[in-house]
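J.: need a 3D model of the following:
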Amino acid sequence: MTDTKITRLHPAPPVAGMPLTVDDLVELHRPRDRQAPRVRANFVASVDGSATAAGRTRDLGGPADLLVFDLLRRLCDVVVVGAGTVRDEGYGPMRLADDAVAWRREAGLPDHPGFAIVSSGLDLDPTSAVFTEAPVRPLVLTHDSAPRATRARLDEVADVVSCGSDRVDPHLLVRALVERGSPQIHTEGGPTLLGDLVAADVVDELCLTVSPNLEGGAGPRIVAAREAMALRGLALDHVLLSDDMLLTKWSRRR
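T.: Take a look at the predicted model:
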């Protein structure tokens, strides 16, 4: 992955076309204050706005997107993913590569970030590697009305946390993670979870890769909101280029 060439388009770099190093990319994405709670989302979308190709994200990405994807995990305290995305994308245990572990140790961080799965129905397999091979005991974020029998089974392999009475409340989700010592919150989807977070206006930053492909309109957008909402203004932090792929970072204007 280190052979992947990524250059910065915006803000204008000192030397046009100069490839960025991994250290440069870390500096562009690292939190300025690790103690200040911050919710970051990372998504990829085709030029015509689809968040998936044939139901999955992997065909939209590329080496540069994967590199940034891995670096964002390296920088966070916890990765938050909806249960549907865990199933659809075939998630395994939240385990980082050796170089990322070494970087985190040097930075005074735990070897691996936490992994929090958001689920209302608790349709999760407690025998899957997500739980049984996890380097850090996962969290399952749900609500009080979730099935009790399933919750009891998941309690054996994860910390199951209620974040609302009959649905997962994004504000309570953020509070629960911050109270557990994970203020740097990073979500990788899916669109329904991001829709809830955006509607609650708790998303502080969006890293969006624009894939140089047209999908045709069959796939979902990156945000699937339950109802119409006011626009959420964003400020453009940077635009990176790798071949024909754009990697952007946006911060919420508040």
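
J.: residue contacts, the residue lying closest to Gly190 once chain neighbours are set aside?
T.: With C-beta to C-beta, 6 or more residues apart in numbering as the criterion, Gly190 has its nearest non-adjacent residue at 3.9 Å, and that residue is Thr85. From N, CA and C alone the C-beta is placed, and that goes for glycine too. Contacts were defined as C-beta atoms under 8 Å, 6 or more residues apart in numbering; by that measure Thr85 touches Tyr91, Glu188, Gly189, Gly190, Leu193.

J.: could you report the neighbour count for the residue nearest to Val47 when sequence neighbours are not counted?
T.: Ranked by C-beta to C-beta, 6+ apart and with sequence neighbours excluded, the top spatial neighbour of Val47 is Leu214, at 5.9 Å. Using other C-beta atoms under 10 Å as the criterion, Leu214 is surrounded by 11 other residues.

J.: is Leu214 in a helix, a strand, or coil?
T.: Following DSSP: H, G, I helix; E, B strand; the rest coil, the label given to Leu214 is coil.

J.: could you do Leu247 as well?
T.: State at Leu247, reduced to three classes by three-state DSSP: strand.

J.: where do the helices sit along this protein?
T.: 22-29, 63-75, 83-88, 98-106, 129-132, 148-154, 170-179, 191-199 (DSSP state H).

J.: can you put those in CSV and add distance to Ala116?
T.: Rendered in CSV, the data for these read as follows (distance: least, C-beta to C-beta, whole Å):
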stretch, distance to Ala116
helix 22-29, 20
helix 63-75, 13
helix 83-88, 11
helix 98-106, 18
helix 129-132, 11
helix 148-154, 13
helix 170-179, 7
helix 191-199, 11
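
J.: you'd agree the residue nearest to Val47 is up against Gly49?
T.: No. In this structure Leu214 lies outside contact range of Gly49 using C-beta atoms under 8 Å: 9.8 Å.

J.: what about the residue nearest to Ala146 when sequence neighbours are not counted, neighbour count?
T.: Once flanking residues are discounted, Ala146 sits nearest to Leu122: 5.1 Å by C-beta to C-beta, 6+ apart. For Leu122, the tally of surrounding residues (other C-beta under 10 Å) stands at 21.
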